[in-house]
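Undergrad: Structure of the sequence below:
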Amino acid sequence: MKPYLYRKDDPDRNPFSEFEEQELQNSKLLHKSEKRYNNNQMEIPYLEYCGLVEKPFGLTPDPSFYFESKSYREATDHLKFFLSQKEGFAVIYGDVGLGKTTISRIFLDNLDKQQFHTALILNPIMDQAEFLRQVLKELSVPVYTTNREELLENLRDFLLDEYRLGKETVVVIDEAQLLSPDLFEFIRVLSNFETDKQKILHIILFAQPEIIERLTDPNMRYLAQRITVIYRLKPLAQDEIFLYIHHRLLRAGSRGFVQFTDDAVKEIYNASLGCPRLVNVLGDRCLLYIYSHSKRIVDGGAVRAVLKEESQILMRREPRKYRKAVFALAACVALFILAILFKPYLHPIYKLFNVKPTTAAQQKNN
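TA: Next comes the predicted model:
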């Protein structure tokens, strides 16, 4: 069955039909060679109802769903410039959920394999020897030792041999804010691999904003001085969220059955502040909502209902013991404040009941 494409003279034509038509053509080419049906269809009830072949708003970084926002494009442009200058260090950082892992994989996948060797380190919590082993493994270099010095020599030999063949090596470290001070210093030492004219090892750090604070530490100045490119990822703009949502729907096989209104996009933007991960969470819940209510349009009311339900779920998940502790603390604070406010009136009350406050001297005499 061919997907329905809006005609330009169609009164019900979607304002973004040209974008959708192009995406539908891309989606057809993507699905032509192989069917992308998977077991998730049996687990996710709204897929068949919405005319989808897979989950459009997953939380794992899937390159086939990559959407190039303005910020992503700027980040990749910075990295292309970094490699063209043959420099040693670059830093791309941003808040949680902005897609740092996704863009790191996309960037490496798009590099010319005839010119670059690449290594992607996803978990940098390790010692120096293990780090070297992981890098060599990513570069497809056989490893027969656990000795740090021998591993370092293997890496040096590999870099020099590939440089003589006209190839460069790029190492990307994700979650770089988790690097230990010792490993940070070791990576700085690795950047010393160079010729008289250029670096032969390029290291790109993808990290959360905490890395900036670490790099401003005086003990890190030797590494910070070697960073030649630094860029902060930005959230999606409101107009980008509309395109982002429909891009993912079309990639998941949508033929236009499900639509998100402008009001829905505005509500999602206000709730997510442009964070792609939160947009995915809300998008997934919205599809489940329209499925359970037999609708096909996600409007502002649907998003608000989802947000209300999500907040109630969070409240129900709060442990009761913590609630009791909060209430008890609040009661103590209230009593303390009342005692301070009514202290001037306590002495007349003593007189009313013919009770005199006991002084410290009297207590001592007793």
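Undergrad: Residue ranges of each domain in the chain, please.
TA: Described in terms of automatic domain parsing, the domain architecture of the chain consists of the residue ranges 21-60+237-316, 70-232.
Undergrad: And the strands in this structure?
TA: 89-93, 116-121, 168-173, 201-207, 227-232, 259-260, 297-298 (DSSP state E).
Undergrad: what's the closest of those strands to Y49?
TA: Judged by CB to CB, the one of the strands of the chain that comes nearest to Y49 is strand 297-298, at 13.1 Å. In this view, the C-beta of every residue, glycine as well, is placed from N, C-alpha and C.
Undergrad: Quick one: list the elements packing against that closest one.
TA: Strand 297-298 makes packing contacts with strand 259-260, helix 276-292 when contacts are defined by 3 or more CB pairs under 8 Å, 6 or more residues apart in numbering; DSSP states H and E.
Undergrad: The spatially most central residue of the chain: what's its closest spatial neighbour, skipping adjacent residues?
TA: In the chain, the centroid-proximal residue (CA atoms, centre = their mean) is G97; its distance is 2.2 Å. Among residues not flanking G97 along the chain, R277 sits closest, at 3.2 Å (CB to CB, 6 or more residues apart in numbering).
Undergrad: which residues touch that neighbour?
TA: The contact partners of R277, taken as CB atoms under 8 Å, 6 or more residues apart in numbering, are 59, 96-99.
Undergrad: could you flag which of those are buried?
TA: Among these, those classed as buried by neighbour count (16 or more other CB atoms under 10 Å) are 97-99.
Undergrad: can you list those in CSV and add distance to Q128?
TA: As requested, these are arranged in CSV below (distance: CB to CB, whole Å):
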residue, distance to Q128
G97, 31
L98, 30
G99, 30
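Undergrad: Looking at those, which are in helices?
TA: Among the buried ones among the contacts of R277, no member falls in helices (criterion: DSSP state H).
Undergrad: for those residues, which one is nearest Q177?
TA: Within the set of the buried ones among the contacts of R277, L98 lies nearest Q177; the separation is 13.7 Å, counting by CB to CB.
Undergrad: How much space separates the residue nearest to that closest one when sequence neighbours are not counted from R73?
TA: On the basis of CB to CB, 6+ apart, the spatially nearest residue to L98 that is not a chain neighbour turns out to be L233, at 4.7 Å. Applying CB to CB, to the nearest Å, the value for L233 to R73 is 11 Å.
Undergrad: Quick check, K295 in contact with A302.
TA: Yes. With contacts defined as CB atoms under 8 Å, K295 counts as touching A302 at a distance of 7.1 Å.
Undergrad: Low-confidence bits of the chain, can you list those?
TA: Applying pLDDT under 70 to the chain flags residues 1-43, 312-366.
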